[in-house]
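Enquirer: for reference, the sequence and a predicted model appear below.
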Amino acid sequence: MIGFIQGTVLFCDGVELIAKTQSGVGYQIFCNKIFSEGASIELFISHIVKETSEDLYGFSTLLEKKIFELLLSVKGVGPKSAHSLLSSLNVEELIFAVKSEDKKKLSSAQGIGTKAAAQIILDLQNKIDRIQMYTVGYSYVPKNILIEQKNTDHSGLIENDYTVNNSEIYNEAILACTELGFSEKKIIPMARKILESNNISKAEQLVHLVLKEL
């Protein structure tokens, strides 16, 4: 199965492109982004194999690829509909629409009706976060977490996004703890506090310290 392609663009019209690799092979890929001819590209690929055809869908990030493949697990959503949805909404908008149960937003994409939108929300609400955590470079932290303000001129708590210096360690630790059956609501503030006050170099260290606090 093809999972990644690096090459030079021979053709691109915003719907599909042909990329020539160093081996001289040209791959035809469905891709919703526009690249100029001759541009060097790197795309994560979802390789869809059917009885009568093989299609390649290209994405700029691993998160897009994972979300696309997650959408394919939803009953009634095929590759074209899933690709259309990711063409209409960026990943952040799609994730927010699923979490906020915004059927209108999801059904704005061609090929996604109200019924399919409802099924996407039902099937993916509890899976989206795990895809985020598995994705390299994506910092999984829910929005609107109360965090302590660092400015010495002010005090108290503010609503904001929390950015962890080492998101990979954080993500792996949260995932490990949730797989052990612990609640994210309980784990997240502990992990954040421990990371702020300790020099953590491995996810295992963070998991160990979090479990000690439970």
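Expert: Structure's in. What do you need?
Enquirer: flag the shaky bits of the protein, pLDDT-wise.
Expert: Scanning the chain for pLDDT under 70 picks out 130-167.
Enquirer: using the three-state scheme, assign residue 182.
Expert: coil (DSSP: H, G, I helix; E, B strand; the rest coil).
Enquirer: again with residue 34
Expert: Per three-state DSSP, residue 34 ends up coil.
Enquirer: now do it against residue 60, distance only.
Expert: 12 Å (Cβ to Cβ, to the nearest Å). Quick note: C-beta positions are derived from backbone N, CA and C, even for glycine.
Enquirer: what does residue 203 give?
Expert: 27 Å.
Enquirer: got it, and residue 82?
Expert: Residue 82 sits at a distance of 16 Å from residue 60 (criterion: Cβ to Cβ).
Enquirer: ok, the two, which is more surrounded?
Expert: residue 82 (25 against 15; other Cβ atoms under 10 Å).
Enquirer: got the contact list for the more buried one?
Expert: The neighbours of residue 82, taking Cβ atoms under 8 Å, 6 or more residues apart in numbering as the test, are 68, 71, 72.
Enquirer: ok, and the closest non-adjacent residue to the second one?
Expert: When you say that, I think you mean residue 71. residue 82 (3.9 Å; Cβ to Cβ, 6 or more residues apart in numbering).
Enquirer: ok, residue 108 - how many residues close by?
Expert: Residue 108 has 14 neighbouring residues, counting by other Cβ under 10 Å.
Enquirer: does it touch residue 87 like I think?
Expert: No: between residue 108 and residue 87 there is no contact under Cβ atoms under 8 Å: 11.2 Å.
Enquirer: ok, now which ones touch the closest residue to residue 77 other than its chain neighbours?
Expert: Closest residue in space to residue 77, ignoring its immediate chain neighbours: residue 71 at 5.3 Å, by Cβ to Cβ, 6+ apart. By Cβ under 8 Å, 6+ apart, residue 71 lies in contact with 77, 81, 82, 85, 86, 120, 124.
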